[in-house]
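Chemist: Just to be clear, the model below is a prediction. Sequence and coordinates:
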Amino acid sequence: MRITYRPEIDGLRAIAVLLVIFYHAEFSISGINIFKAGFIGVDIFFVISGYLITSIILKELKETKKFSFLHFYERRIRRLIPALLFVMLCSFPFAWLYLLPGDFIDYSKSILYSIAFTSNFYFHLSGLEYGTSEGLFKPFLHTWSLSVEEQYYIIFPITLIFFYKFLKKNILYILTVFLFLSLITAELMSNNFPSSTFYFLHSRIWELLAGSILAYLEINKKKNIKNFQVSNIGTIFGLLLILFYFFYYNSNINHPSLISVIPVIGVCLIIWFSNKNNYVTKVLSTKPFVGVGLISYSLYLWHFPIFAFARTKDSTPSEYDKIEWLTLTFILSIITYFIVEKFFKNRIAISSKSLIVSLAATLMIIVFSNFYVIYKEGFNYKYKITENYTLDNKFYLDEWKEFKKKTVVPDFKNNDTTKVLIIGNSHGVDTFNTFYLNQDLFNKEEFSIVNTHVACFYFYLIDRDALPFYCIEEFSKKNLSQVDDLFAKANVLVISTFWADEDIQILDKLIEKLKSQNKKVLLFNSSLEVNTKIRRGLNILDFFVFKNKRLPNPEELKDIESQMFNQLKNKIKLDKKLEKIAKNKNIKIFLKEEYLCDFEKKRCSVMTDEFQKISWDYAHYTLDGAKYLGKKIYDLNWFRY
């Protein structure tokens, strides 16, 4: 059942996809991301999808008194699946070339979940927070929203037909009730469960239902807005609402939540009040907007893999690089629109039977290929340099995570030794590992050391009722009574974290609070961070090995260690702030470079004596590296407070 073509809807699609693309490109001016709220493009898509799908269903029911599920789902398949599979096929060679084994496995899993319309579950369960830098390297992260829409396409038509048949007079009320239930769920869950709230249908369906209610009102209530001023004001106000949220949004706002109704209402107003005479509709109906809107699906599919693979090759792209990404995205999207999207939507060009055969064959290739990647463990043999050294940093990360599970919140020894509690983020865990992995040495000393494994614990100590929003989900997973018990027992608090401005801002207050509870306080500075233009996932040492397919010789190793030493200048300003606070508060600060670097030779260690890497990414220690550095701490008689 065809519905009347509305070019301004394609114009809205253009705005939505451009917002998302610019958001993921991370265009910045003076270091400020100017599209920090560009993700609302997805919310715009959801409203449009709800409106169009409901319009199709209700118009067919009203005109024919029946509804063909077979025809409906065939149209959805023709619209969505061929282009998606095409992009997946094209991306595979680049995944083979650019991704290290762990990332290759993750890529294949995301492909398989996307095909099953469940990639939103995969990314949530894998702990990937949308909007973080880590997510920018996942080629198919953007398919989470396609999965939400596809889940809606499966559930909603069946539900709506049921309501239409048995509760026809109450459909509007039922849709409204479900909208408010979903919106309230999003608001209540956004603080404690931001990830699931962002990714899952139950807290997103209200946006789709907003479009559905709009379609129902349009079809059944016969909107009749002939007044030019009314329609003009309505569409302009809708656009202003979208712009207001775009500029008003900041990282302290949970999304989706109650405040997210602002852009959603804005989209609804534009759709409802649009007519060919008002200003906003005229602009949205111009050829540039409509043209971008027509290829918006291909643009959405292509942009994220292109950006992710480009960032993998060069993790610090310039603004000029990003313009090249955009150009390539548009070129490939135009090609995909004409040779894939239009072709598969044409029933004359490809029959239903041919559609099924071609898609089934393509699916088999994609599924088999990606299962094989997982079976072969991402072809990790390609990156195994020696028995002790692999470029597959996911191996070290998994090893680190498994070790962390085994040591999560151990208790202090039951004796009168000084009890040292380390608090901080993953860098604090690294500090803990340097001691824990050398228990045979440090057990001789008169102290025992434990780690909370709670990244936001210092915020919790200051005010447990006023946690930053990014800490709340972290605490929802922890047994805080156990951590509270450790804190009560501890004599010494070591604050070891990767210091950020918000941490330093609360440090004075934190130290005073700890001292008031008779705790001795020690500070550790940040780990030495590699900050250089290198390939994704590879630090200075790994990059050398990746290029040369071997470990460095002694002279080459000296050069790499000198490069590491040069990275110290990036820490000076921050370390000076910490040292000043430590001096003012009369507490001791430990600088990690004292055991990692040789200041006379101007070199910092990157490998152990057994030729194992010390850090597996920009700063985190491997377990071998932590054990090696812990031995150095002991030999240097360094940790004597």
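Modeler: Good, I have the coordinates.

Chemist: Give me the contacts around stretch 495-511.
Modeler: Here stretch 495-511 makes contact (Cβ atoms under 8 Å, 6 or more residues apart in numbering) with 422-428, 430-432, 458-459, 461-462, 468, 521-527, 529, 574, 577-578, 581, 585, 587, 619. The C-beta positions use only the backbone N, C-alpha and C, and glycine is treated the same way.

Chemist: next one: stretch 371-382
Modeler: The contact list for stretch 371-382, computed with Cβ under 8 Å, 6+ apart, reads 99-105, 107-109, 112, 390, 392, 394-395.

Chemist: How about the secondary structure of the spatially most central residue of the chain?
Modeler: Compute the mean C-alpha point of the chain, and by Cα atoms, centre = their mean the closest residue is residue 130, 2.6 Å away. Secondary structure, DSSP: H, G, I helix; E, B strand; the rest coil: residue 130 is coil.

Chemist: Verify the contact between it and residue 123 for me.
Modeler: Yes. Using Cβ atoms under 8 Å, residue 130 is in contact with residue 123, at 7.4 Å.

Chemist: Now the common contact residues for these two.
Modeler: Residues touching both residue 130 and residue 123 (Cβ under 8 Å, 6+ apart): 141, 144, 199.

Chemist: Now the phi/psi pair for the last one, please.
Modeler: Just to be clear, that refers to residue 199. For residue 199, the backbone dihedrals (degrees, to the nearest 10) come out as phi -90, psi -20.

Chemist: tally of neighbours for it?
Modeler: Here the number of neighbours of residue 199 (other Cβ atoms under 10 Å) works out to 23.

Chemist: Verify the stated contact: it with residue 125.
Modeler: No. Judged on Cβ under 8 Å, residue 199 makes no contact with residue 125 at a distance of 9.4 Å.

Chemist: following the lowest-mean-pLDDT helix or strand in the chain, which helix or strand comes up?
Modeler: Counting by mean pLDDT, DSSP states H and E, the weakest-scoring helix or strand in the chain turns out to be helix 469-476, with a mean of 63. Toward the C-terminus, helix 469-476 is succeeded by helix 480-489 as the next helix or strand (DSSP states H and E).

Chemist: what comes up buried for that next one?
Modeler: Across helix 480-489, burial judged by 16 or more other Cβ atoms under 10 Å covers 483, 486-487.

Chemist: Now find how far off-centre that helix is within its chain.
Modeler: Distance of helix 480-489 from the chain centroid (Cα atoms, centre = their mean, to the nearest Å) equals 31 Å.

Chemist: And the biggest helix by length in the chain, what does it pack against?
Modeler: For the chain, the helix that runs over the most residues, judged by DSSP state H, is helix 69-98. Where contact means 3 or more Cβ pairs under 8 Å, 6 or more residues apart in numbering; DSSP states H and E, helix 69-98 is packed against helix 101-115, helix 143-166, helix 296-313, helix 319-336, helix 342-345, helix 352-375.

Chemist: Tell me which helix or strand comes right after the last one.
Modeler: Where DSSP H and E defines the elements, the next helix or strand beyond helix 352-375 is strand 384-386.

Chemist: what's the answer for the first one, then?
Modeler: Using DSSP H and E, the helix or strand that directly follows helix 101-115 along the chain is helix 119-125.

Chemist: Check which helices and strands that following helix sits against.
Modeler: Partner elements for helix 119-125 (3+ Cβ pairs under 8 Å, 6+ apart): helix 101-115, helix 143-166, helix 194-199.

Chemist: Identify each buried residue in that helix, please.
Modeler: For helix 119-125, a neighbour-count test (16+ other Cβ under 10 Å) marks 119-124 as buried.

Chemist: repeat for stretch 72-81
Modeler: Residues of stretch 72-81 classed as buried by neighbour count (16+ other Cβ under 10 Å): 72, 76-78, 80-81.

Chemist: One more: stretch 229-237?
Modeler: For stretch 229-237, burial by neighbour count (16+ other Cβ under 10 Å) applies to 231-232, 234-236.

Chemist: Do a quick rundown of the strands in the stretch 151-300 of the chain.
Modeler: In the stretch 151-300 of the chain, no segments count as strands under DSSP state E, counting those that start in this stretch.

Chemist: how about low-confidence regions in it?
Modeler: For the stretch 151-300 of the chain, the stretches flagged by pLDDT under 70 are 222-224, 226.

Chemist: what are the ranges of the helices in it?
Modeler: Along the stretch 151-300 of the chain, counting by DSSP state H, counting those that start in this stretch, helices occupy 171-192, 194-199, 205-220, 228-248, 261-273, 279-284, 287-294, 296-313.

Chemist: quick check, distance from the third one to the centre of its chain.
Modeler: Relative to its parent chain, helix 205-220 has a centroid offset of 29 Å by Cα atoms, centre = their mean.

Chemist: same question, the last one
Modeler: Chain-centre distance of helix 296-313: 15 Å, with Cα atoms, centre = their mean.

Chemist: Report the buried residues of that helix.
Modeler: For helix 296-313, burial by neighbour count (16+ other Cβ under 10 Å) applies to 296-312.

Chemist: what comes up buried for stretch 370-377?
Modeler: Neighbour-count burial for stretch 370-377, counted by 16+ other Cβ under 10 Å, picks out 370, 373.

Chemist: I meant stretch 11-23, not that one.
Modeler: 11-23.

Chemist: on that earlier part again, so can I have a markdown table of the buried residues of helix 480-489 showing distance to residue 326 and pLDDT?
Modeler: What follows is those, written out as a markdown table (distance: Cβ to Cβ, whole Å; pLDDT from 0 to 100):
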| residue | distance to residue 326 | pLDDT |
| --- | --- | --- |
| 483 | 47 | 78 |
| 486 | 50 | 83 |
| 487 | 50 | 85 |
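
Chemist: which among these gets closest to residue 290?
Modeler: Using Cβ to Cβ, residue 483 is the member of the buried residues of helix 480-489 that lies nearest residue 290, at 56.6 Å.

Chemist: I'd guessed the closest one sits against residue 452; true?
Modeler: Yes. With contact defined as Cβ under 8 Å, residue 483 reaches residue 452; the gap is 5.2 Å.

Chemist: which sections of the stretch 401-550 of the chain are below the confidence cut-off?
Modeler: If you take pLDDT under 70 as the line, the stretch 401-550 of the chain has these spans: 409, 415-416, 443-446, 464-479, 531-537.

Chemist: switch to 80 and redo it
Modeler: 406-411, 413-417, 442-448, 451-483, 501-502, 530-537 (pLDDT under 80).

Chemist: in it, which spans are strands?
Modeler: So, for the stretch 401-550 of the chain - with DSSP E, counting those that start in this stretch - the strands run 418-423, 447-451, 492-496, 520-524.

Chemist: Just send those back as TSV, with distance to residue 164 too.
Modeler: Converted to TSV, these look like this (distance: least, Cβ to Cβ, whole Å):
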stretch	distance to residue 164
strand 418-423	58
strand 447-451	58
strand 492-496	61
strand 520-524	64
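
Chemist: mind giving me CSV with the ones you listed and columns for distance to residue 55 and mean neighbour count?
Modeler: Shown next, in CSV, are the strands of the stretch 401-550 of the chain (distance: least, Cβ to Cβ, whole Å; neighbours: other Cβ atoms under 10 Å):
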stretch, distance to residue 55, mean neighbour count
strand 418-423, 55, 22
strand 447-451, 56, 22
strand 492-496, 57, 23
strand 520-524, 60, 20
